[in-house]
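Trainee: sharing a sequence plus its predicted fold:
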Amino acid sequence: MSLILHNTSKGKKELFIPINEDSVTMYLCGPTVYNYAHIGNARPAVVFDVLYRLLKHHYPKVTYARNITDIDDKINKSALELGLNIKKYSQKYADIYNHDIEQLGVLPPDIEPYATDHIPQIIAMIKDLIEKGHAYAAEGHVLFSVESYKDYGKLSNRKLEDMIAGARVEVAPYKKYPADFVLWKPSDDSLPGWNSPWGRGRPGWHIECSAMCKEHLGDVIDIHCGGRDLVFPHHENEVAQSCCANDTQQFANYWVHNGMINMGNQKMSKSLGNILLINEITKQYKGEVIRWLLLSAQYRQSVDWSKNSIHKAQKTMDRIYATLRDNQSVQVEMNKELIPSSIIQALDDDLNTPIAFAEINKIAKQLANAETGSDKQLYKSQLLSTGQLLGLFLEDAEQWFIADNSDVDADKIEDLIAQRNQARADKDWAKSDEIRDELAAMNIVLEDSANGTRWSIKK
RNA sequence: GGCUGGAUGGUAGAGUGGCUAUACAGCGGUUUGCAAAACCGUGGACACCAGUUCGAAUCUGGUUCCAGCCUCCA
């Protein structure tokens, strides 16, 4: 097997060689849970779900950890304003996140660690860093000394001087060096806090991922994933903390980062206020359609979210599902050996999902044109086996077109269709068309075929 | 200012030193009581300027423009 991944720390594609072929490890920086999950949170979840599935295709055992950061000043602020318990507040949004991405066909990770469940490990790592001279306590804070780590800036390819010159680093009197970042900070009585050697306080951002990786996956992991916007400072700081605490040269051998989602010509981000929530779009579109759209560009490219692009994804999936529906009775064999090698090759080349999708379209076309039973069985089996790998085409093809939307009165619709079919049998075309119009007014589209009349909701 | 990416047909989006990507939309057709779906066929592109080459959209240099990170962010 020859999986190739773009490794951010090298700035190029590399052949993936795991530390231990019998047990591959990957970690994804999950969300900070203080609000409803948006499609920007969904992209890494979906993209790295594909990587997880591909790794499981190749290797006997993959351990995938995706964390929940449930201690953060934004959580504290919102919970405090609403007068809510912080744990309950963050749990609510963690549950929403998990529910939402499950709609998009994302498998649960093997481990889902929560930051607040790892405070002892965090404190232990900070103590270790202080003892090794990489961190220092000051005014209730503990800071990481970036000058103590010679490779600081290597992952994100930047120099300390340049960053200071940018003058955007937070200046604080307790910092020895402007770019030093916080490992631990003090909490007053209104804020959540834990007792520590430096007083009652809470962890800073970054350290939780280092502590949780170490706890669950080891000192050096195979693949660390996340959004591009996390390369600096989050991942750079994780590398510094972990390598210094664990005395290792590497923290993760492969750093893999997904591109952003754009709204119009701009990155979707909380600070710009142009975010689109997952639970808003799942009201309108099926999870697989959203998943298809998110995977229709290679993961490192930015994706433009628009009405047009989601509509295209919908139409494409409808066509493939229509082909599956036409072959509903064809028996299939589900087997990973049936996934065409062209698709595995595409995915092995840094998750080239657009090529995989082009291949899927070709198979669907072959299925639509298949004349013999054995051809139909072959192509349908290939299509659905590929779908198993990619988390697509898992729905029943008949059900796909009938939205389980409670707004529609299926009994009434089917009654009208029966009346119309009687009229058609009587060749009473005027009445038949009248009923079609009536249903059209209800936003119901009819399709007559040799096997009867189908209906679906107009999109 | 520093560092990353990017610029491909109406739209989205891969890829390649010479060989149809793919999808959605369009156009023509088959089929159909009507309609739809499906299928078949089809047109249409590689930001700009130089260079290397038998040949460049693909390699090299330059130009212009766009986006991201450098502050919380997926």
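Mentor: Alright, I've got the coordinates. Nothing here was measured: the structure is a model prediction, and the numbers come from that model. Numbering: from 1, shown residues only, chains lettered A, B, ... in the order given.
Trainee: let me know the secondary structure of residue A:119.
Mentor: What DSSP: H, G, I helix; E, B strand; the rest coil gives for residue A:119 is helix.
Trainee: do the one 4 residues further on as well
Mentor: Residue A:123 falls in the helix class when you classify it by three-state DSSP.
Trainee: so which bits of whichever strand or helix holds residue A:354 are buried?
Mentor: With elements taken from DSSP states H and E, the one containing residue A:354 is helix A:353-369. Neighbour-count burial for helix A:353-369, counted by 16 or more other C-beta atoms under 10 Å, picks out A:353, A:355-357, A:359-360, A:363-364, A:366-368. Where you see a C-beta, it was placed from the backbone N, CA and C, and this is true even at glycine.
Trainee: same question for stretch A:417-425.
Mentor: A:417, A:420, A:423-424.
Trainee: taking the stretch 1-150 of chain A, what residue is nearest to RNA strand B?
Mentor: residue A:40 (2.6 Å; C-beta to the nearest atom of the strand).
Trainee: my guess is that residue meets residue A:277, correct?
Mentor: No: the criterion here is C-beta atoms under 8 Å, and residue A:40 misses it with residue A:277 at 10.1 Å.
Trainee: more neighbours, those two?
Mentor: Under the criterion of other C-beta atoms under 10 Å, the comparison of residue A:40 against residue A:277 puts residue A:40 first, with 24 against 17.
Trainee: got the contact list for the residue in the stretch 201-350 of chain A that RNA strand B sits nearest to?
Mentor: Per C-beta to the nearest atom of the strand, residue A:227 is where the stretch 201-350 of chain A lies closest to RNA strand B, at 1.7 Å. Contact analysis of residue A:227 by C-beta atoms under 8 Å, 6 or more residues apart in numbering lists A:29, A:40, A:43-44, A:257-258, A:260.
Trainee: please redo it, this time with the cut-off set to 10 Å
Mentor: A:28-29, A:40-41, A:43-44, A:47, A:234-235, A:257-261 (C-beta atoms under 10 Å, 6 or more residues apart in numbering).
Trainee: what comes up buried for the strand or helix carrying residue A:375?
Mentor: In the assignment (DSSP H and E), residue A:375 maps to helix A:373-390. By neighbour count on 16+ other C-beta under 10 Å, the buried set for helix A:373-390 is A:376-390.
Trainee: same thing with stretch A:77-86?
Mentor: For stretch A:77-86, by 16+ other C-beta under 10 Å, it's A:78-79, A:86.
Trainee: okay, those in CSV with pLDDT and secondary structure next?
Mentor: Formatted as CSV, these follow (pLDDT from 0 to 100; DSSP: H, G, I helix; E, B strand; the rest coil):
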residue, pLDDT, secondary structure
A:78, 91, helix
A:79, 92, helix
A:86, 92, helix
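Trainee: about what we covered before: filter the buried residues of helix A:353-369 to keep only those in contact with RNA strand B.
Mentor: A:355, A:357, A:364, A:368 (C-beta under 7 Å from any atom of the strand).
Trainee: quick one: the first one and residue A:298 touch, right?
Mentor: Yes: in this structure residue A:355 lies within contact range of residue A:298 using C-beta atoms under 10 Å: 8.8 Å.
Trainee: show the subsequent helix or strand relative to whichever strand or helix holds the residue of the stretch 1-150 of chain A closest to RNA strand B.
Mentor: Here residue A:40 sits within helix A:39-58, counting by DSSP H and E. Per DSSP H and E, the first helix or strand lying C-terminal to helix A:39-58 is strand A:62-66.
Trainee: and that following strand, how far out from the chain middle?
Mentor: Remark: strand A:62-66 is offset 13 Å from the chain centroid, using C-alpha atoms, centre = their mean, to the nearest Å.
Trainee: quick one: list the elements packing against that strand.
Mentor: Using 3 or more C-beta pairs under 10 Å, 6 or more residues apart in numbering; DSSP states H and E, the elements in contact with strand A:62-66 are strand A:24-28, helix A:39-58, helix A:207-216, strand A:221-227.
Trainee: now the ones you listed as JSON lines including mean pLDDT?
Mentor: Output for the helices and strands packed on strand A:62-66, formatted as JSON lines (pLDDT from 0 to 100):
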{"stretch": "strand A:24-28", "mean pLDDT": "97"}
{"stretch": "helix A:39-58", "mean pLDDT": "97"}
{"stretch": "helix A:207-216", "mean pLDDT": "97"}
{"stretch": "strand A:221-227", "mean pLDDT": "97"}
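Trainee: right, and the ones you listed - which one's nearest residue A:322?
Mentor: helix A:39-58 (24.0 Å; C-beta to C-beta).
Trainee: off-centre distance for the closest one?
Mentor: Relative to the centre of its chain, helix A:39-58 is centred 6 Å away, using C-alpha atoms, centre = their mean.
Trainee: check stretch A:200-215 too.
Mentor: With C-alpha atoms, centre = their mean, you get 22 Å for stretch A:200-215.
Trainee: over to stretch A:65-80?
Mentor: Worked out by C-alpha atoms, centre = their mean, stretch A:65-80 lies 19 Å from the chain centre.
Trainee: for residue A:115, find the nearest of the helices and strands packed on strand A:62-66.
Mentor: Going by C-beta to C-beta, the one of these nearest residue A:115 is helix A:207-216, 3.8 Å.
Trainee: quick check: residue A:237 vs residue A:289, distance?
Mentor: To residue A:289, residue A:237 is 37 Å away according to C-beta to C-beta, to the nearest Å.
Trainee: identify the farthest-apart pair in the contacts of residue A:227.
Mentor: A:235 and A:261 (19.2 Å).
Trainee: where does pLDDT dip in chain A?
Mentor: A:1, A:164-171, A:403-407, A:459 (pLDDT under 70).
Trainee: domains of it?
Mentor: A:19-258, A:263-400, A:410-457 (automatic domain parsing).
Trainee: the first one spans what distance, first to last residue?
Mentor: Spelled out, it's domain A:19-258. From its first residue to its last, domain A:19-258 covers 23 Å (C-alpha to C-alpha, to the nearest Å).
Trainee: contacts only, for the closest residue to residue A:259 other than its chain neighbours.
Mentor: Spatial nearest neighbour of residue A:259, chain neighbours left out: residue A:302 (4.4 Å); criterion: C-beta to C-beta, 6 or more residues apart in numbering. Under the criterion of C-beta under 10 Å, 6+ apart, the neighbours of residue A:302 are A:43, A:228, A:258-262, A:267-268.
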